[in-house]
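**Q** requesting a structural model of the entry that follows:
(one chain, ligands or ions: 1)
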Amino acid sequence: MNYPCLNDIDTLLLDMDGTLLDLRFDNHFWVDHLPVRYGDIHGLKEELATAHVETALREAEGTMNWYCTDHWSRHFDVDIMTLKREVEHLIQFRAGAERFLKALAQHDHLDILIVTDAHPNVLALKQRVTGLLDHVDDHYCSHHFGLPKRDLQFWSALSDQVDFDPETTMMIDDSPAVLAQCKAFGIRHVLCVETPDSGRSHRHDHDFPLIDDLSRLTTGSEQP
Ligand SMILES: [Mg+2]
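**A** Purely as a prediction, here's the structure:
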């Protein structure tokens, strides 16, 4: 696979969860940790608690509520951020992602933005654990726009705030639904992460070019 040369890119848009950071934390939290803790806190049998959580998550999929920690704190009557901190040791960079971010410092011409559906509270937690924002120029949470990235209008709203030329922009994300909207908006270069969760294998039913180790994009530009 020949990836676009970063010299041909002016704006690099990076997703956070599943792209820079291992989705293992998020999957573990929603699939394993939250059902157990929700059951503990409310005195529910684990099976019942798991069924409640699964149903609620399924119903909210694709909406802004899905990403909103305040919504889930109210819905489950728990403090989602406290529960997330209980498993924060699982928050980590994907293999090669930190090396990639450090190597980007050699590409002065690039405007590097994190564009995430994560709630600002979650971004703050992940920044405290990993320091990922120290490597980028700016960040945007879809929460502030009230639209998820998989909505075409999100990209119009972002382009009202950020000056970027879609022809010389690259977006890297682990969601084909998001990348489809990037393409529809006119963003020329998109890459899809092959293994967002280090603990799961993935099947792909889309045609977007795949990447796993992001540092392949900066090979040769690391500091000695
Ligand atoms: Mg993602």
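**Q** show me the strands in the protein, by range?
**A** In the chain, the strands defined using DSSP state E lie at 11-14, 111-116, 138-141, 169-173, 189-193, 210-211.
**Q** format the ones you listed as TSV; extra columns: mean neighbour count and distance to the ion.
**A** Where you see a C-beta, it was placed from the backbone N, CA and C, and this is true even at glycine. As requested, the strands of the chain are exported to TSV (neighbours: other CB atoms under 10 Å; distance: least, CB to the ion, whole Å):
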stretch	mean neighbour count	distance to the ion
strand 11-14	23	10
strand 111-116	21	7
strand 138-141	16	13
strand 169-173	24	6
strand 189-193	22	8
strand 210-211	16	13
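**Q** quick one: closest of these to Leu57.
**A** With CB to CB, the closest approach to Leu57 among those belongs to strand 111-116: 18.5 Å.
**Q** direction included, what does the closest one pair up with?
**A** In the sheet, strand 111-116 lines up against strand 11-14 (parallel), strand 138-141 (parallel) (DSSP bridges).
**Q** mean pLDDT and distance to Pro35 for the strands of the chain - can I get that in CSV?
**A** Converted to CSV, these look like this (pLDDT from 0 to 100; distance: least, CB to CB, whole Å):
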stretch, mean pLDDT, distance to Pro35
strand 11-14, 98, 30
strand 111-116, 98, 24
strand 138-141, 98, 26
strand 169-173, 98, 27
strand 189-193, 97, 26
strand 210-211, 96, 31
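**Q** adding distance to Glu88, write these out as a markdown table.
**A** A markdown table is the format used below for the strands of the chain (distance: least, CB to CB, whole Å):
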| stretch | distance to Glu88 |
| --- | --- |
| strand 11-14 | 21 |
| strand 111-116 | 17 |
| strand 138-141 | 19 |
| strand 169-173 | 23 |
| strand 189-193 | 22 |
| strand 210-211 | 27 |
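**Q** so which of those strands gets nearest Trp30?
**A** So among the strands of the chain, strand 111-116 is nearest, using CB to CB, at 16.3 Å.
**Q** quick one: the closest one to strand 169-173, angle?
**A** Per axes from the mean of the first three to the mean of the last three CA atoms, to 10 degrees, the angle that strand 111-116 makes with strand 169-173 is 30 degrees.
**Q** residues in contact with the closest residue to the ion within the chain?
**A** In the chain, the residue that lies nearest the ion is Gly18 (3.6 Å; CB to the ion). Neighbour list for Gly18: 26, 94, 173-175, 193, 196-197 [criterion: CB atoms under 8 Å, 6 or more residues apart in numbering].
**Q** one more time with 10 Å, if that's ok
**A** Applying CB atoms under 10 Å, 6 or more residues apart in numbering to Gly18 gives the contacts 24, 26-27, 94, 173-175, 193, 195-197, 202.
**Q** same deal with Lys126?
**A** Lys126 neighbours (CB under 10 Å, 6+ apart): 16-17, 20-21, 25-26, 84, 88, 91-92, 114, 116, 118, 132-133.
**Q** one more time with 8 Å
**A** Lys126 neighbours (CB under 8 Å, 6+ apart): 16, 21, 91, 118, 132.
**Q** go ahead and build a PyMOL selection from the buried members of the contacts of Gly18.
**A** Remark: buried members of those, expressed as a PyMOL selection using 16 or more other CB atoms under 10 Å:
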select buried, resi 24+26+27+94+173+174+175+193+195+196+197
